[in-house]
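Q: What would the 3D arrangement of this be:
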Amino acid sequence: MRAALIVSAALIAPVLGYEYHVGVGKDETTGNVVGWGFDPSRISVTEDPAGDHIIFEMLSGTHRVVQSSFGAPCAAGGEPGFDTQEVVVSAGTEEGGQTFTFNITDYTTPLYFSDISLNNCQQGGIFCVNTDEAGAESCAAFKAAAIALGGGVTTSASVPGASSTSSSGTNATSASSAIASSSSAQSSAASTSASASGSVAPSATSAPASGAGKMFVGAGAVTAMVLGAVALL
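A: The predicted structure is shown next:
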């Protein structure tokens, strides 16, 4: 009977949310830490994200993750706003790097992020949440626009927390062209883009793949289990 009460208490403890682990400086296609990229580069949050959050882990290289807007990749912007400032991570660091947390408060609005240190963003170092890969503002289109910027955005590699330099008008124009051309390509690729994007959706009944998302419960479950175990003794 006591054992049954322990199990019941654990099952009814409130679920606080999911945490999504994202490696910064890692190529999601190879799994290698190359100094730029996000792994995964896109996630989908399909339910009310009460308590859901993203944990960005800085790996080998120099990084500054900021929230961006679709129309201005590789630049700080967007709401509610997020900026890790510049972080320099020792070469060869493949795990255990400094982490930063972003709380998800809205699962209906797409979110875009960029790693604006050095030329990380222009090499495809972008991250998206809840983008419509069949629509005009897909994660694939955002990435294409970032790559099209070339060397338009730079930051100081030697001074952590240095501000980024805004892109030139020429680069902004090329980014807009890339967005338009990429958008037209998304419709024909809609059936395959979701699987290729690195999207991760949480599941309450199965373990998340690749450690990208993880469900956790409140402290009530742990407390109930400890008290129950003491009672049995």
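
Q: For the residue lying closest to residue 79 once chain neighbours are set aside, pull up the helix or strand it's in.
A: For residue 79, ignoring the flanking residues on the chain, the nearest one in space by Cβ to Cβ, 6 or more residues apart in numbering is residue 67 at 7.8 Å. Bear in mind the C-beta positions are built from the backbone N, C-alpha and C, glycine included. Counting by DSSP states H and E, the element that carries residue 67 is strand 65-68.

Q: What helices and strands are in contact with that strand?
A: strand 111-115 (3 or more Cβ pairs under 8 Å, 6 or more residues apart in numbering; DSSP states H and E).

Q: Pairing partners for the strand it packs on, with directions?
A: Next to strand 111-115 in the sheet, as set by DSSP bridges, lie strand 65-68 (antiparallel), strand 126-129 (antiparallel).

Q: Just send those back as TSV, with mean neighbour count too.
A: Putting these into TSV (neighbours: other Cβ atoms under 10 Å) gives the following:
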stretch	mean neighbour count
strand 65-68	24
strand 126-129	27
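
Q: out of these, nearest to residue 41?
A: Nearest to residue 41, of all the strands paired with strand 111-115, is strand 126-129, at 5.6 Å by Cβ to Cβ.

Q: follow-up on the earlier one: just checking, the residue nearest to residue 79 touches residue 76?
A: Yes: at 7.1 Å, residue 67 and residue 76 qualify as touching, with contact defined as Cβ atoms under 8 Å.

Q: quick revisit: how about TSV for the strands paired with strand 111-115, with distance to residue 143 added?
A: Shown next, in TSV, are the strands paired with strand 111-115 (distance: least, Cβ to Cβ, whole Å):
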stretch	distance to residue 143
strand 65-68	12
strand 126-129	5
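
Q: possible to save those strands as TSV with distance to residue 50 and mean pLDDT?
A: Converted to TSV, those look like this (distance: least, Cβ to Cβ, whole Å; pLDDT from 0 to 100):
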stretch	distance to residue 50	mean pLDDT
strand 65-68	20	98
strand 126-129	16	98
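
Q: if I look at residue 84, how far off is residue 58?
A: Separation of residue 84 from residue 58 (Cβ to Cβ, to the nearest Å): 8 Å.
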